[in-house]
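*Asks:* with the input below, show me the fold.
(chains A and B)
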Amino acid sequence: MGKLVVTEFLSLDGVMEAPGGEDFKYPGWSFEFDRGDDGNQFKLDETVSSDVLLIGRITYESFANAWPSREGPFADKFNAMPKYLVSSTISDPEWNNTTVVTGDVVEEVGKLKESTDGTIQVPGSLQLVQALFEADLVDQLNLMVFPVVLGTGRKLFGELSEMKAWRLNDAKPVGPDGVIVLTYERERG
Amino acid sequence: MGEINVHEFMSLDGVIDAPTWTFDYGFDPGMGERLGAVTERSRAILLGKNTYEAFAQAWPDRTEEDDPGAPFFNDTTKYVVSGTLTDPAWQNTEVIGSYDASRIRSLKEEVDGDLYVSGSGTLVRGMLADGLVDELHLCVFPLTRGSGPRLFEDGAEPTRMSLATAEGYANGVVYLNYRTQT
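*Replies:* Got it, this is the predicted structure:
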């Protein structure tokens, strides 16, 4: 049974849209802040310890544009690892080792968790993540929170039908600019 | 010239409604110290009408033995932003009328010390939009509520802040202190 880890860059007002670029009022807003060596290390450890990448279409397009041409520990890991893309429009993904997931997303992700021995990382991918929250398929949340209110943009936490409890694993500042890392595990009654 | 310190109990998904959902987590002494430092330097309390009404129900009957915060809440002057409230029953309460940024600005001048704000979502959103808040003291509880009024709504004033403190407690609450001016 795999562990599903959602990882997000968030503004203080919970916006997760386009932290690293793309078409947005504040493209790449997270780059305004230095997350420091400890922040980099956190992201690297998180990535290296992941076995499978599960992503939505918008995040896939952003990643598939960026990573294949890069080298280094992040790029090597992302490029090599198995990737599952949830999309009804892309059928022939170009990025190495990518499988398209179609059909009922909750059911399919449930099966992926069953068949995965290790960690499934879900970065960005808002629509997918909100469906996973609602279906209670998220086991861990890794949030890197930046000290800025954006006031506009898509937010990670939408309306959910149920209250859910989480267990705090860690809360720490990283780097010199007031970025923090919060990690939580889902606490199921 | 006082500063405005806003304290909120907030869920992980940013909800700040009446925090009855915080009771299960208890009150970590570390968080008590952080919030105590804020109330200690505050010489006035500024509240919206709903939070005033909730506080005016809860605090007047409590003594220091019941809750170490009781003297602060009962004895300190409370300014309430409301266009409808008259004859407030809670001691040391002054109603300052509907929300008016210039009135709050002059209150910051008048009060010899900081102003403490708790809850009061509508008031706080107004003051954030008008650049009147100096510090945020957010106690983030480890649960997602799923719905309810958020501290930051769409259209919030874009603001870069600086982090003063971030610490987690054994009960899973995270205390975050931000200054709104960098």
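*Asks:* quick one: contacts for the closest residue to A:Leu53 other than its chain neighbours?
*Replies:* Nearest non-adjacent residue to A:Leu53, counting by Cβ to Cβ, 6 or more residues apart in numbering or on different chains: A:Lys83, 4.5 Å away. Using the backbone N, CA and C atoms, a C-beta is placed for each residue, glycine as well. The contact partners of A:Lys83, taken as Cβ atoms under 8 Å, 6 or more residues apart in numbering or on different chains, are A:52-55, A:60, A:93, A:95, A:97-99.
*Asks:* which residues sit against the helix or strand of chain A with the lowest mean pLDDT?
*Replies:* Lowest on mean pLDDT, DSSP states H and E among the helices and strands of chain A sits helix A:57-66, with a mean of 94. With Cβ under 8 Å, 6+ apart as the test, helix A:57-66 has contacts from A:20-22, A:55, A:78, A:83, A:85-87, A:89-90, A:93-95, A:98, A:123-126.
*Asks:* select only the buried ones of these in PyMOL?
*Replies:* The buried subset of those, as determined by 16 or more other Cβ atoms under 10 Å in any protein chain shown, is captured in PyMOL by this line:
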select buried, chain A and resi 55+78+83+85+86+87+90+93+95+98+123+124+125+126
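*Asks:* quick check: buried residues in stretch B:30-44?
*Replies:* If you call a residue buried by 16+ other Cβ under 10 Å, then stretch B:30-44 has these buried ones: B:31, B:34-35, B:38-39, B:42, B:44.
*Asks:* in CSV: these, plus distance to chain A.
*Replies:* Shown next, in CSV, are those (distance: Cβ to the nearest Cβ, whole Å):
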residue, distance to chain A
B:Met31, 12
B:Arg34, 13
B:Leu35, 17
B:Val38, 19
B:Thr39, 23
B:Ser42, 23
B:Ala44, 25
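*Asks:* any weak-confidence spans in chain B?
*Replies:* B:182 (pLDDT under 70).
*Asks:* can you name the residues of it that neighbour chain A?
*Replies:* B:12-14, B:21, B:128, B:140, B:142-147, B:150-152, B:154-163, B:166-168, B:172-174, B:176, B:178 (Cβ under 8 Å from any Cβ of the partner chain).
*Asks:* from those residues, which land in strands?
*Replies:* B:140, B:143-144, B:159-160, B:162-163, B:166-168, B:174, B:176, B:178 (DSSP state E).
*Asks:* C-alpha coordinates for the least confident helix or strand of chain A, CSV please?
*Replies:* In CSV, the C-alpha atoms belonging to helix A:57-66 read as follows (Å, rounded to 0.1, in the frame of the first residue of the first chain):
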residue,chain,number,x,y,z
ARG,A,57,-2.6,17.9,-16.7
ILE,A,58,-1.6,21.5,-16.0
THR,A,59,1.2,20.5,-13.7
TYR,A,60,2.3,17.8,-16.1
GLU,A,61,2.6,20.4,-18.9
SER,A,62,4.7,22.7,-16.7
PHE,A,63,6.9,19.8,-15.6
ALA,A,64,7.2,18.2,-19.0
ASN,A,65,8.3,21.6,-20.4
ALA,A,66,11.0,22.1,-17.7
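*Asks:* tell me which residue lies nearest the centroid of chain B.
*Replies:* Residue closest to the mean C-alpha point of chain B, counted by Cα atoms, centre = their mean, is B:Ser118 at 1.6 Å.
*Asks:* how about it, phi and psi?
*Replies:* phi -130, psi 150 (degrees, to the nearest 10).
*Asks:* tell me what the nearest residue to it once chain neighbours are set aside is bridged to.
*Replies:* Leaving out its chain neighbours, the residue that sits closest to B:Ser118 by Cβ to Cβ, 6+ apart is B:His7, at 4.8 Å. Per DSSP bridges, residues listed as beta-bridge partners of B:His7: B:Ser118, B:His137.
*Asks:* what residues of stretch B:133-144 count as buried?
*Replies:* Those would be B:133-144, for stretch B:133-144 by 16+ other Cβ under 10 Å.
*Asks:* who are the packing partners of whichever helix in chain B runs longest?
*Replies:* Assignment by DSSP state H gives helix B:29-40 as the longest helix of chain B. Of the remaining helices and strands, those touching helix B:29-40 by 3 or more Cβ pairs under 8 Å, 6 or more residues apart in numbering or on different chains; DSSP states H and E are strand B:4-11, strand B:114-118, strand B:135-141, strand B:162-168, strand B:174-179.
*Asks:* report the angle between the first one and strand B:174-179.
*Replies:* Note on geometry: by axes from the mean of the first three to the mean of the last three Cα atoms, to 10 degrees, strand B:4-11 and strand B:174-179 are set 150 degrees apart in direction.
*Asks:* relative to helix B:29-40, how tilted is strand B:4-11?
*Replies:* Going by the same axes, to 10 degrees, strand B:4-11 makes 150 degrees with helix B:29-40.
*Asks:* who are the packing partners of strand B:4-11?
*Replies:* Looks like strand B:4-11 contacts helix B:29-40, strand B:114-118, helix B:121-129, strand B:135-141 (3+ Cβ pairs under 8 Å, 6+ apart).
*Asks:* mind listing what's buried in it?
*Replies:* B:4-11.
*Asks:* quick one on the thing from earlier: and the buried residues of stretch B:30-44, which two are the farthest apart?
*Replies:* Farthest-apart pair in the buried residues of stretch B:30-44 is B:Met31 and B:Ala44; separation 22.3 Å (Cβ to Cβ).
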